[in-house]
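Engineer: Quick check, what structure comes out for this input:
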Amino acid sequence: MSPGRDEAGRFEETITEQDVLKVFDYEDDRVLTATEVAEGLRRFGKQITAEGVRNRLEKMSDEGLVSRKKLGARAVGWWAEVAPELEAKTAKTVEKRNTTSNWDPL
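Structural biologist: Purely as a prediction, here's the structure:
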């Protein structure tokens, strides 16, 4: 069995929708190309090709998580329609802040 494949030989998905949405959240530009999303994922230690990102973005578009617009003959810009989910620790802190007037740092 080769790395990145399950016991049946299929590629295992190691990049989640949340990983992709996090890239949009961290970048300065609201609209990104698939190549820019792939580069952003690499900064989080995730390896995927621009083609792999394009495929993932297409699926996410069908689910209403991202949208796209053709920017030129071959360029497509993507943007997130939803924010990524908060990490569990951060979500607890936010929830706690909703019930108190004393705020703990995130």
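
Engineer: Please work out which residues outside the helix or strand harbouring residue 23 touch it.
Structural biologist: Here residue 23, judged by DSSP states H and E, is contained in helix 17-26. With Cβ atoms under 8 Å, 6 or more residues apart in numbering as the contact definition, helix 17-26 has outside contacts at 30, 32, 37, 40-41, 43-44, 46, 53, 56-57, 60, 63, 65-66, 78-80, 82-85. Using the backbone N, CA and C atoms, a C-beta is placed for each residue, glycine as well.

Engineer: Of these, keep whichever come out buried.
Structural biologist: 32, 37, 40-41, 46, 53, 56-57, 60, 65-66, 78, 80, 84 (16 or more other Cβ atoms under 10 Å).

Engineer: any idea of the angle the helix of greatest length in the chain forms with helix 17-26?
Structural biologist: The longest helix of the chain (DSSP state H) is helix 50-62. Between the axes of helix 50-62 and helix 17-26, defined by axes from the mean of the first three to the mean of the last three Cα atoms, to 10 degrees, the angle is 100 degrees.

Engineer: What helices and strands are in contact with helix 50-62?
Structural biologist: helix 17-26, helix 34-43, strand 66-70, strand 76-80 (3 or more Cβ pairs under 8 Å, 6 or more residues apart in numbering; DSSP states H and E).

Engineer: With residue 98 as the reference, name the closest of those.
Structural biologist: helix 17-26 (21.0 Å; Cβ to Cβ).
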